Every structure is written in structure tokens, then in C-alpha cells.
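# I'd like to go over a predicted model; first the sequence, then the structure.
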Amino acid sequence: MTSSSWSEFSLVRDGVRLSCRDWGGGGGSGGSGSDVLLLHGLAGHSGEWEAVARLLRDAGHRVVALDQRGHGASERHPADVSRAAYVADVVAVVEELGLVRPLLVGQSLGGHTALLTAAAHPDLPRALVLVEAGPGGAGPELPEQIGGWLRAWPVPFPSREAAVAYLGNGKPAVGEGWAEGLEERDGGLWPRFEPAVMERSLDELTRRAFWEEWAAVRCPALAVLGEGREGGIIGGDEYAEMVRVRTGLHGVSLPGTGHDVHLERPGVLGRVILDFLRQEPQEQRQ
């Protein structure tokens, strides 16, 4: 296996096809490292974790990333896009692939899914890493705003270069990560998601916050926040409340990054995760 290779695995849960990228590695009960499950954000895809996944895999961990329902190579039009359905998919992947108490790492909506999974299934994860994600709710205008942005993409993109330039908005690494999730058909590059499905996936976040679930998380947790010119989406007040509710929360901000921390500085994020994993076994489970 080369340092950049991965294999694809698919399963079906309740009629919904789920696709995963498996970079392999040495996790599990018979290996020296931990199993790691990576969860992308809204309108994302498993491949955007490539650089982080290779770093974790090369450090001895078994690494898998899920194309969440409605995204990438998974079912494009799932009827159920509730938060509970996303969580059940994570549990199904863990069980099907035999992942042993994996570290759950999620960015944005993927981080929210990881949080809810840890709350509902406290014995499932070894630890939790929330990248630009938290338990706070969203304003009622968010789905329409996100849907409007996604529908405004000038698709089909005529070339990879055009997609990178548009989606990166001055940040080539971010543009490359988003462009990697496009598919080629009908002479152009198209998203592998439907904006309407993305909007529906946000519905529950507009109706309430998830502080009760955050309080129910028992495993060690790390919050990674962007701290660039445009900043991330987790404000100081929300982070302060996260710490108040769970005083053992680890936190780190990465200067010069925005919401797409994993694309802007994947090497730094990977090292932060590895440092967290090295420290975590010395601490008591909370």
C-alpha cells in the first residue's frame, strides 16, 4: 500500500447506500494505534480528508472516512436526513467495519454528527474531535442562505482550474478540496449533492440547540477552531459555554484559518489530533 492509496467500501442501511474511504492502518484491538472515523461537513465528501487521513494512517492509526448520506458516493436523495439518521449511519459503519472504539473526528456538520453520536452511544467512541463544530443551534435563515449559496455555483464548471478558483475564493487549498468532490458528466464538473437535500439536513439545527447532548458526552473531547481574518463559525460565547458545561474540554485555535481548517492547514490539524491522542490515555474518562 502506498502512502496515498485507499480502498472504497460500501454498505446499505435501511435502503440507503453509504460509501467509505478506507486508508487502512494499524488500529483496532490488534494494532498499536486507534481506529479513526472522519466525518466531513455539509456538501462535503470523504476525499477532503485525504491529507489528514494519510498523516494519521502513517502514524499507525486505522483511518476511515464516510461519505455521509446525501453526499459524494453515498445515496444522493435519502428520504431521511434527520440528525438521528446521520448518527445511525455512523454506528452502522463502525459495526460493519469492525472499528474498535474509534476516535470520531468531524468538521462542521460532521462534527455535530460526531457529537450526537458520542452523546447517544457513550461506549462507542474513544474520544471526540470537533473541528469548527459545537452544540449551539443555528438561525432559521441558515438553510435558505446555504441553499442559495449552493444554487449560485456556476455549474457545470468547465474545468478543474475554474472550480478551484471559484470554490477556493482566494485559497487554492480550499478550492482543491472542494473541487475534488465534483464529478465529471455532460462535458463539465458537477456537485455530488442536491442543494434541497442539504437544506433539509439543517432543519433540526434551526429549531433548537444541543446543549443537553453536549452535557451527555462522556469521552475526552477536543475542540479545534479557526482563527483567521474571516474567523470560524464558533464564537467566543459558544466556546465558553462548551467549557463551562464540560470543564475537561481541550481547545486549540489555529491562526490564519477559517471554517475549512482541515483543508487550509491539514498538517497542523493532523499533528494536533496526534498530540491529543497521545495525551488522552493518561487521563480519566469523563
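In hand now; what should we look at?

# how about the helices in this structure?
Shown for the chain, the helices assigned by DSSP state H span residues 50-58, 83-97, 109-120, 142-151, 160-168, 172-179, 195-201, 203-207, 211-216, 236-245, 261-264, 266-279.

# Let's have those helices in CSV, adding distance to S5.
For every residue, glycine as well, the C-beta is placed using N, CA and C. CSV is the format used below for those (distance: least, CB to CB, whole Å):
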stretch, distance to S5
helix 50-58, 9
helix 83-97, 17
helix 109-120, 23
helix 142-151, 31
helix 160-168, 21
helix 172-179, 19
helix 195-201, 30
helix 203-207, 36
helix 211-216, 36
helix 236-245, 37
helix 261-264, 20
helix 266-279, 17
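
# quick one: which of these is nearest L128?
Of all these, helix 109-120 sits nearest to L128, with 4.9 Å by CB to CB.

# could you dump the helices of the chain to CSV with mean pLDDT and distance to R17?
Converted to CSV, the helices of the chain look like this (pLDDT from 0 to 100; distance: least, CB to CB, whole Å):
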stretch, mean pLDDT, distance to R17
helix 50-58, 97, 21
helix 83-97, 98, 11
helix 109-120, 98, 18
helix 142-151, 96, 22
helix 160-168, 98, 25
helix 172-179, 98, 23
helix 195-201, 97, 14
helix 203-207, 96, 22
helix 211-216, 98, 27
helix 236-245, 96, 34
helix 261-264, 97, 25
helix 266-279, 96, 28
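
# In CSV, list these along with distance to G70 and mean neighbour count.
Converted to CSV, the helices of the chain look like this (distance: least, CB to CB, whole Å; neighbours: other CB atoms under 10 Å):
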stretch, distance to G70, mean neighbour count
helix 50-58, 21, 22
helix 83-97, 9, 19
helix 109-120, 11, 25
helix 142-151, 12, 15
helix 160-168, 19, 17
helix 172-179, 16, 20
helix 195-201, 4, 20
helix 203-207, 13, 15
helix 211-216, 21, 16
helix 236-245, 26, 14
helix 261-264, 20, 26
helix 266-279, 24, 18
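
# For W23, find the nearest of the ones you listed.
Closest to W23 of the helices of the chain, according to CB to CB: helix 50-58, at 4.5 Å.

# Would you mind pulling the contact partners of that closest one?
Under the criterion CB atoms under 8 Å, 6 or more residues apart in numbering, residues 3-4, 6, 21, 23-25, 36, 38, 63, 65, 105, 180, 262, 266-267, 269-271, 273-274 lie in contact with helix 50-58.

# now do stretch 260-274
Stretch 260-274 is contacted by residues 48-49, 51-52, 55-56, 59, 103, 105, 107, 129, 131-132, 171, 173-174, 176-178, 222, 224-226, 228, 232, 252, 254, 256-258 when judged by CB under 8 Å, 6+ apart.

# Would you check the distance separating that stretch from the middle of the chain?
The chain centroid and the centroid of stretch 260-274 are separated by 12 Å under CA atoms, centre = their mean, to the nearest Å.

# For it, give the distance from the opening residue to the closing one.
19 Å (CA to CA, to the nearest Å).

# And stretch 216-232, by the same measure?
End-to-end distance of stretch 216-232: 25 Å, with CA to CA as the criterion.

# again with stretch 19-35
End-to-end distance for stretch 19-35: 18 Å, by CA to CA.

# likewise stretch 207-220?
28 Å.

# Ok, stretch 135-144 next?
Using CA to CA, one end of stretch 135-144 lies 20 Å from the other.

# neighbouring contacts of that stretch?
Contacts to stretch 135-144, defined as CB under 8 Å, 6+ apart, come from residues 112, 115, 199-200, 202-203, 205-211, 213-214, 234, 238, 241-242.

# Repeat the analysis, applying 6 Å as the threshold.
Identification of contacts with stretch 135-144 by CB atoms under 6 Å, 6 or more residues apart in numbering yields 199, 202, 205-206, 208-211, 214, 238.

# same deal with stretch 34-47?
Applying CB under 6 Å, 6+ apart, the contact partners of stretch 34-47 are 21, 27-28, 48-49, 56, 61-65, 67, 71-72, 99-100, 102-110, 113-114, 126, 180-181, 193, 198.

# Which members of the residues you listed occur in strands, if any?
21, 62-65, 67, 103-107 (DSSP state E).

# JSON lines for those residues, including neighbour count, pLDDT and distance to P122?
Shown next, in JSON lines, are these (neighbours: other CB atoms under 10 Å; pLDDT from 0 to 100; distance: CB to CB, whole Å):
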{"residue": "R21", "neighbour count": "22", "pLDDT": "98", "distance to P122": "27"}
{"residue": "R62", "neighbour count": "24", "pLDDT": "97", "distance to P122": "21"}
{"residue": "V63", "neighbour count": "30", "pLDDT": "98", "distance to P122": "23"}
{"residue": "V64", "neighbour count": "27", "pLDDT": "98", "distance to P122": "21"}
{"residue": "A65", "neighbour count": "29", "pLDDT": "98", "distance to P122": "23"}
{"residue": "D67", "neighbour count": "27", "pLDDT": "98", "distance to P122": "26"}
{"residue": "L103", "neighbour count": "28", "pLDDT": "98", "distance to P122": "15"}
{"residue": "L104", "neighbour count": "30", "pLDDT": "98", "distance to P122": "12"}
{"residue": "V105", "neighbour count": "30", "pLDDT": "98", "distance to P122": "17"}
{"residue": "G106", "neighbour count": "29", "pLDDT": "98", "distance to P122": "17"}
{"residue": "Q107", "neighbour count": "29", "pLDDT": "98", "distance to P122": "22"}
